[in-house]
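Asker: next input, structure requested:
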Amino acid sequence: QVTLAESGGGLAQAGGSLRLSCAASGRILSISVMGWYREVPGKQRDLVALITSDGNANYEDTVKGRFTISRDNAENTMYLQMNSLRPDDTAVYYCNAAGDTRWGATQVPFTAWGQGTQVTVSS
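Answerer: Next up is the predicted model:
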């Protein structure tokens with residue numbers, strides 16, 4: 001079983017910064033893609049940024065130039081540096097990871113979600 005633990009959410013003022021972390025643990029053989037999603041009550045969960053194992057990153061248009069995703073493959077950890085925060089960045093942020101784990105003697109794929117961390121940006 002693979003679990004993801006997020007940290008770093010909280011309250012920030014508009015224009016401020018926050019850094020989110022996501023640590024993966026368990027029987028991890030490899031993690032191919034990691035990503036950050038966010039969800040506002042009443043709306044669907046949207047992809048914010050994702051990063052592959054070789055460091056290729058992609059961003060949702062509204063966060064380009066403000067957010068930076070990174071990962072430490074040796075520590076199975078991912079980060080999201082959020083700068084120039086805006087009130088419409090307020091949401092619960094979830095991390096996601098997909099890769100391979102071991103089930104007994106068998107290698108099987110996994111997808112895991114973190115528990116979510118609240119980010120609130122005041123105007």
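Asker: how near is residue 45 to residue 1?
Answerer: From residue 45 across to residue 1, the span is 22 Å (Cβ to Cβ, to the nearest Å). Placement of C-beta: from N, CA and C, glycine included.
Asker: higher neighbour count, those two?
Answerer: With other Cβ atoms under 10 Å as the criterion, residue 45 and residue 1 differ in neighbour count, and residue 45 comes out ahead with 16 against 9.
Asker: that one and residue 36, how far apart?
Answerer: 11 Å.
Asker: show me the shaky parts of the protein.
Answerer: Low-confidence segments of the chain, defined by pLDDT under 70, are absent; every residue clears the threshold.
Asker: could you tell me the phi and psi values at the residue lying farthest from the centre of it?
Answerer: Outermost residue of the chain with respect to the C-alpha centroid, by Cα atoms, centre = their mean, is residue 105; its distance is 29.3 Å. Note on residue 105: its backbone torsions stand at phi -100, psi 10 [degrees, to the nearest 10].
Asker: tell me the contacts of it?
Answerer: Contact partners of residue 105, counting by Cβ atoms under 8 Å, 6 or more residues apart in numbering, are absent.
Asker: one more: residue 101?
Answerer: When contacts are counted by Cβ under 8 Å, 6+ apart, residue 101 is found next to 1-2, 26-29, 107-110.
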